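> Just to be clear, the model below is a prediction. Sequence and coordinates:
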Amino acid sequence: MIYRSKAPFRIGLAGGGTDVSPYSDLYGGAILNATISLFAHASIELLQEEKVEFYSVDQNKRISFLFDENHIPEPGLDLQYGIYHRLKQMNVLPKHGFRLTTAMDVPAGSGLGTSSTLVVAILKVFSEWLNLPFGDYDLAHLAYEIERKDLGLAGGKQDQYAATFGGFNFMEFMAEDQVIVNPLRIRQELIRELENNVILYFTSSSRQSSEIIKEQQKNVEQKKDSSLDAMHQLKDQAKQMKDALLKGNLHQIGTILDYGFMQKRKIANNVSNAYLDNLYETAKKAGATGGKISGAGGGGFMFFYCPRNSRHEVIKQLNSLDGYTMNYQFTDFGVQSWKSQKS
């Protein structure tokens, strides 16, 4: 028997960064995001030997150790180790050998919530194997705790919830890790138009988001006026985006994104750089009305809103540079799991 799962990556349409503590604890955060048809994958195969194997296709790394062995985490497999040790602490892992294989449709550090989405996929495949009674909020919160608290990785809370719930969601973040996910009912014709108008572009540069996030956190702790005001504006941007989508005012999307792009650059250094600024201006000159650096910033994916038929010229101009556009669709589902007989 093989147990499998897949969790969708997300694009954050508005409010990015307001889900990160301490801002969300002090002021409350709000984000609007949507999941897309690019996924993190996980599978578990049971083994006859009492050993554990981790195989990361993306990292091209494979490691095995005995079930009772206190093994030192291998760089690049930190997430797998973190989940494994948390489940052992929860006393839900049987003393049975298994192989965990993981893979992603996009590069790590690309700004689509890759690490958090992979954690959700791995937890879900363990849940499928062990029949763990996780509800959606339980699964997302456990993924958050493993990544942010157990492993000490800097970041926010939106990615775990987006990957778990799926679809278009307006999320609210409060003190003591309280999260409310509000699914949005958006007409199908509007979603199809968004798919046509929102261009997803990989800049061919991945980045470590932790330093940007740590600086953002420091600016909030020190109550730096320019950064705090920008965060407040980004939270308001999420509400503007929600209203525009629910009312079908797609002509406002580009303007809202453009405003958010300007605010995002104020929350920390290195959110953007000369290369990313040039990509942004290239897209706007070709007909885009706004855009966003996905995730914390610094590289990875960008996306642009291209009204009417401007997408064709925007794609042409962007693809003449170092990166490339990627096809996708929005998904209305979150993480999924299933089991299959070995072929």
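Structure received. Residues are numbered from 1 along each chain as shown.
> The nearest residue to residue 22 once chain neighbours are set aside: what's it in contact with?
Of all residues not flanking residue 22 in the chain, residue 220 sits nearest, at 5.5 Å (C-beta to C-beta, 6 or more residues apart in numbering). All C-beta atoms are positioned from the backbone trio N, CA, C, and that covers glycine. Contact criterion C-beta atoms under 8 Å, 6 or more residues apart in numbering gives 22-23, 26, 227-228, 231 as the residues in contact with residue 220.
> List just the nearest of those residues to residue 146.
Proximity to residue 146 was ranked across the contacts of residue 220 by C-beta to C-beta; first place goes to residue 22, at 20.3 Å.
> thinking that closest one is in contact with residue 219, fair?
No - assessed by C-beta atoms under 8 Å, residue 22 is found out of contact with residue 219, at 10.4 Å.
> more crowded one of these two?
When residue 22 and residue 219 are compared on other C-beta atoms under 10 Å, the one with more neighbours turns out to be residue 219, at 21 against 12.
> can you pull the contacts of that one?
By C-beta under 8 Å, 6+ apart, residue 219 lies in contact with 227-228, 267-268.
> any chance of the residues you listed in CSV, with distance to residue 274, neighbour count and secondary structure too?
Listed next are those as CSV, based on distance: C-beta to C-beta, whole Å; neighbours: other C-beta atoms under 10 Å; DSSP: H, G, I helix; E, B strand; the rest coil:
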residue, distance to residue 274, neighbour count, secondary structure
227, 21, 21, helix
228, 26, 18, helix
267, 19, 29, coil
268, 17, 24, coil
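> Columns pLDDT and distance to residue 259 on top of these, output as CSV?
Putting the contacts of residue 219 into CSV (pLDDT from 0 to 100; distance: C-beta to C-beta, whole Å) gives the following:
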residue, pLDDT, distance to residue 259
227, 87, 16
228, 89, 17
267, 76, 14
268, 73, 18
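> Could I get these in TSV, plus columns for distance to residue 320?
Converted to TSV, the contacts of residue 219 look like this (distance: C-beta to C-beta, whole Å):
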residue	distance to residue 320
227	35
228	39
267	31
268	30
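> Could you pull out the buried residues of the lowest-mean-pLDDT helix or strand in the chain?
Sorting the helices and strands of the chain by mean pLDDT, DSSP states H and E puts helix 210-221 at the bottom, at a mean of 80. Within helix 210-221, the residues that count as buried by 16 or more other C-beta atoms under 10 Å are 212-213, 215-217, 219-220.
> Could you point out which of those residues is nearest to residue 289?
Proximity of the buried residues of helix 210-221 to residue 289 (C-beta to C-beta) peaks at residue 212, which lies at 25.6 Å.
> Tell me if I'm right that that closest one and residue 272 touch.
No - the criterion here is C-beta under 8 Å, and residue 212 misses it with residue 272 at 10.3 Å.
> Tell me, domain by domain, which residues of this protein belong where.
According to automatic domain parsing, the chain is divided into the following domains: 2-185, 188-326.
> Quick check: residue 24 touching residue 174?
Yes - here residue 24 reaches residue 174: they are 6.7 Å apart, a contact under C-beta under 8 Å.
> The two: which is more packed in?
Neighbours were counted for residue 24 and for residue 174 using other C-beta under 10 Å; residue 24 has more, 27 against 13.
> what helix or strand is the more buried one on?
Assessed by DSSP states H and E, residue 24 sits inside helix 23-27.
> same thing with residue 304?
In the assignment (DSSP H and E), residue 304 maps to strand 301-305.
> That strand: what's the following helix or strand?
Taking DSSP H and E, what comes next after strand 301-305 is helix 311-319.
> I would like the residues contacting that following helix, please.
By C-beta under 8 Å, 6+ apart, the residues outside helix 311-319 that reach it are 196-197, 199, 201, 279, 282-283, 285-288, 304, 306, 324-325.
> can we see that at 10 Å?
Residues from elsewhere that reach helix 311-319 (C-beta atoms under 10 Å, 6 or more residues apart in numbering): 196-199, 201-203, 279, 282-288, 291, 302, 304-306, 324-325.
> Can I get the buried ones among these as something I can paste into ChimeraX?
Here is the ChimeraX command that selects the buried residues among the contacts of helix 311-319 (16+ other C-beta under 10 Å):
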select :197,198,199,201,202,203,279,282,283,284,286,287,288,291,302,304,305,306,325
